[in-house]
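# Next comes the sequence, and after it the predicted model I'd like to discuss.
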Amino acid sequence: MDFPERSDYRRAILSKVKKPCRYIGGEWGTSELENCQDPGKVRLCFAFPDTYEVGMSYLGFQILFDLARQMPYVCVDRCYCPWLDMEKELRKRDLPLTGINSEIPLRKFDVVGFTLQYELTYTNILTMLDLGGVPLKSCNRGKDDPLIVAGGPGALCPEPLRDFFDVFCLGDGEVLLPEMLEVVKEHRGNRLAIMEELSKREGFYVPLLDEGSPSTEGRTYRKRVVLSLDDAFTPSSMLVPLAGIVHDRAAVEVFRGCTRGCRFCQAGMIYRPLRERSPESVIDIAKKILVKTGWEELGLVSLASCDYTGLNKVIEGLTPFMEEKNIVLSLPSLRMDAFSIQLAQNLKSLSRSSLTFAPEAGTQRLRDVINKGVTEEDIEQTFEEVAKRGWEGIKLYFMMGLPTEDSEDLEGIIDIAKRAIKKGRQYKHRLRVNVSVAGFVPKPHTPFQWEAQASREYLSSTGKWLKNQAKKSRFNLSYHDPDQTFLEGVIARGDRKLGAVIEEAWRMGARFDGWSECFDLNLWMKAFEIVGLDPHCYANRARDKEEVLAWDHIDIGISKDFLWRERSKALNGELTGDCRSGKCNACGWEMRGCPVIGKVSGRS
Amino acid sequence: MIRVRFTYEKRGLLCFVPHVELPPLICRALRRAGCSISRTKGFSPKDKVSLGPALPIGVVGLAEPAEVWLERGGVPSVKDVNEHMPQGLKVTHMAEVEESPSLSKLCTAACYRVYPQAFGVMDKLKAFFEEDWTTLGKIGDLRFGPDYVEYIQLDPAKAGLSKLVSLLKEKEIIHGWEDLFMVRLAVGTLKGGRVSPLLGATNLNGE
């Protein structure tokens, strides 16, 4: 009997790390790929700066991977940030970080494309570049080094990372990726020519070639979007992981963007305009993906899938197919209303144990400030339906530290949870209530981008008070670490000076800052001290209307006037309606071909 | 609904996929092959599938047993299923079973082969098995190859390789899992002093 596995050098490393299946690749769907050895092809590696199980759950890379593999002159692989133990093993053995299936070191790719989903993953980018043999800073890279690019929401507030990236891609990957790869193919081996060519095109920000100063308004860089999802690239397959990931299911994006207008929500602003995929297309994509992947669950994903106008048609169209194959449908985001709960009940979803909702704030006043659009009646009706239909538990998401928040709003959080428990009792069962409270982080490109973030001390004492109240009322409440919330707030509205702090913190050992077991704020505070910056100036300082913001040069399509108007309305407790219901709110996209505008009448 | 029993190999880097992650992996392959899998009842329905005794992470398996319940149709062909399996996972036999005890009751013995990966460990390993093998529980048919030790473990669901590794570490013979390469040659019932895999898969133990 012969066991070739015995001589595989990777076994020795994999036997020493936690969760070795993070590093073995071999997902279903990759076997048809070429092995990235063809020297005539442009080598692309998608890089996710967090663990495999988080990165493999990211639908954006699944779509772009499918797109890139269909380009005849491109070969594509993926890479994830190795956990601390694997980083240690790689360094000890002097082994590079490679593409997960090709085993080609990152430095040997033509393009390494990161996605910036969360500020507390930024030190992981440096780990990956360093382990991959790529100089950390754009200005230190030579002609043989890959082009290091970034996309995702973080690319729309890019200054803290401008030293480390050659190009930021602003907007939808379906339009930007093919164009960028075409330019790379054209000028392969000449980094400067690639960067120069991309800097001339809309949707690409090349910091090294940008002459703007931090304090004045210079050139602006406009985000690019696909105006019709049906006309853009449609994925026909997904990679199926070998081991459990965070969102382990097939997924079809039913719409992109959101017009609900929640004022705290960055995604709701930066992914505008709202573009729905047709039900026919959703059904077709879903069937193809399910047949190819064998997944037992299909998620219809978006920022608020219950708002999808084609939902009933899609459910009707997919039900016979899914019933035959015993596949279940899930909607990851539920609205707080009876319709959503009835829908959840009918979906044959995987688990019947709990439903999740996000009232976000404890009183109607504060929910109006943030334009959440959830009323007391909605909450009451939701609890009624949940209890009546026999669900065992309910999870509620709130925020603390929202603008204008006072003690009544915090008491309101406790009151809402107590009302859920009481409703369960009315139906003679114990409704398990879990409350999760996140510290509010004012984000760029939102109406609250000028606001001061609540201090660490405030978030800490508020979190403790809420937890204590929950204990008295016998429900479970957890809150996010205020230290992590603070750092997220610092980096989120950071400027180009922050790059030095990120590098310093990384050199001092900062890794996986989004993971509470790894996070150390003291280390970061030392880094700020060494670089000579005050982090509170970024997080806890209110900005004037006139101040040039570090992300003003990035034009996401929403006007600054609209954001300021929304801020003023927030402070007055005034609501702004969803533009799908009839009135255009003039967010800025009405001047750029907003697909919703043709469907509504009148203007506000 | 039909109950299908099968044996499979777990090879290559796929050995590092934990045992508990195998049911979805197998069921997705079956679904890709056109099968409709029955689901369990209750609040959190799952694909109805059952595996044999757990194989530790990193260990190669050559004749691992499993069962799956299909909604309709007959037993799929081994070839069809294997075309949809990820690399490293391969079905060797497949057949419908009707009245039969559960896998946990059927799998009463397992045959293991252990190769030391570090220099100078083989002699110590031999010495350990010669002197202390009783500490591993019910062991039978111990034999030594040129660079390996092979033995039969009774009641594999209760005592397995984890115990061996922990004992060898305790005695400072190895540092950990990385110093051994281990194979479960077969798991099933003990017949004539050999482990007979379920479904009559080739008896690989005792070459």
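Sure thing, it's come through. Residues are numbered from 1 along each chain as shown, chains lettered A, B, ... in the order given.
# Contact partners for residue 60?
Just so you know, I chose chain A. Contact analysis of A:Gly60 by Cβ atoms under 8 Å, 6 or more residues apart in numbering or on different chains lists A:115, A:151-152, A:173. All C-beta atoms are positioned from the backbone trio N, CA, C, and that covers glycine.
# actually chain B
A:3, A:5, B:10-11, B:15, B:181-184.
# For those residues, which two are the farthest from each other?
Farthest-apart pair in these is B:Lys10 and B:Phe181; separation 13.9 Å (Cβ to Cβ).
# And those two? Which one has more around it.
When B:Lys10 and B:Phe181 are compared for neighbours, B:Phe181 comes out ahead with 25 against 22, by other Cβ atoms under 10 Å in any protein chain shown.
# where along the stretch 1-150 of chain A do the helices fall?
Along the stretch 1-150 of chain A, the stretches classed as helices by DSSP state H, counting those that start in this stretch are A:10-14, A:52-55, A:59-69, A:84-92, A:122-131.
# give me the number of residues near the one residue in the stretch 151-300 of chain A that gets nearest to chain B?
Nearest residue of the stretch 151-300 of chain A to chain B, counting by Cβ to the nearest Cβ: A:Gly294, 3.5 Å away. If you count neighbours by other Cβ under 10 Å, A:Gly294 ends up with 26.
# got the buried residues for stretch A:305-316?
By 16 or more other Cβ atoms under 10 Å in any protein chain shown, the buried positions in stretch A:305-316 come out as A:305-308, A:310-311, A:314-315.
# Local confidence estimate at the closest residue to B:Phe16 other than its chain neighbours?
Closest residue to B:Phe16 apart from its sequence neighbours, by Cβ to Cβ, 6 or more residues apart in numbering or on different chains: A:Pro20 at 4.1 Å. For A:Pro20, the model assigns a pLDDT of 97.
# Tell me who's in contact with A:Pro20.
A:14, B:16, B:57-58.
# Enumerate the residues of the stretch 201-350 of chain A near chain B.
Contact residues (Cβ under 8 Å from any Cβ of the partner chain) of the stretch 201-350 of chain A with chain B: A:240, A:242-244, A:248, A:291-296, A:324-328, A:350.
# what about 7 Å?
Neighbours of chain B within the stretch 201-350 of chain A, by Cβ under 7 Å from any Cβ of the partner chain: A:240, A:242-244, A:293-296, A:324-326, A:350.
# So what's the residue count around the nearest residue to A:Cys139 once chain neighbours are set aside?
Of all residues not flanking A:Cys139 in the chain, A:Leu208 sits nearest, at 6.3 Å (Cβ to Cβ, 6+ apart). Counted with other Cβ under 10 Å, the neighbours of A:Leu208 add up to 18.
# My read is that A:Leu208 contacts A:Ser138, right?
Yes. Counting by Cβ atoms under 7 Å, A:Leu208 does reach A:Ser138; the two are 5.4 Å apart.
# quick one: the most centrally placed residue in chain B from chain A, how far?
Nearest to the geometric centre of chain B sits B:Glu64, at 3.9 Å (Cα atoms, centre = their mean). B:Glu64 is 15 Å from chain A, where distance means Cβ to the nearest Cβ, to the nearest Å.
# With B:Leu51 instead?
15 Å.
# ok, now which ones touch that residue?
By Cβ atoms under 7 Å, 6 or more residues apart in numbering or on different chains, B:Leu51 lies in contact with B:19, B:22-23, B:66.
# mind listing which of these are in helices?
Among these, DSSP state H puts B:22-23 in helices.
# Which of the contacts of B:Leu51 sits closest to chain A?
B:Leu22 (9.3 Å).
# List the residues that contact that closest one.
B:Leu51.
# Would you point out the most distant pair within the contacts of B:Leu51?
Among the contacts of B:Leu51, B:His19 and B:Ala66 lie farthest apart (Cβ to Cβ), at 10.6 Å.
# more neighbours, the two?
Neighbour count, other Cβ under 10 Å: between B:His19 and B:Ala66, B:Ala66 has more, with 20 against 17.
# What pLDDT is listed against the spatially closest residue to that one that is not a sequence neighbour?
Spatial nearest neighbour of B:Ala66, excluding adjacent residues (Cβ to Cβ, 6+ apart): B:Leu51 at 4.9 Å. pLDDT recorded at B:Leu51 is 95.
# How about B:Leu204?
47.
# what do you get for the one 3 residues further on?
Per-residue pLDDT puts B:Glu207 at 37.
# Establish whether stretch A:97-117 and chain B are in contact.
No. Contact of stretch A:97-117 with chain B (Cβ under 7 Å from any Cβ) is absent, the minimum separation being 10.4 Å.
# And that stretch, end to end?
21 Å (Cα to Cα, to the nearest Å).
# pLDDT averaged over it, what's the number?
pLDDT averaged over stretch A:97-117 gives 97.
# With stretch B:73-89 instead?
Here the average pLDDT along stretch B:73-89 is 94.
# First-to-last residue distance for it?
23 Å.
# Repeat that for stretch B:114-123.
End-to-end distance (Cα to Cα), stretch B:114-123: 13 Å.
# List the contacts of that stretch.
Contacts for stretch B:114-123 (Cβ under 7 Å, 6+ apart): A:6, B:125, B:147-149, B:173-174, B:179-182.
# change it to 6 Å
Contact partners of stretch B:114-123, identified using Cβ atoms under 6 Å, 6 or more residues apart in numbering or on different chains, comprise B:125, B:147-149, B:179-182.
# quick check, whichever strand or helix holds A:Val433 touching chain B?
In the assignment (DSSP states H and E), A:Val433 maps to strand A:432-439. No. Using Cβ under 6 Å from any Cβ of the partner chain, strand A:432-439 never reaches chain B; the gap is at least 12.2 Å.
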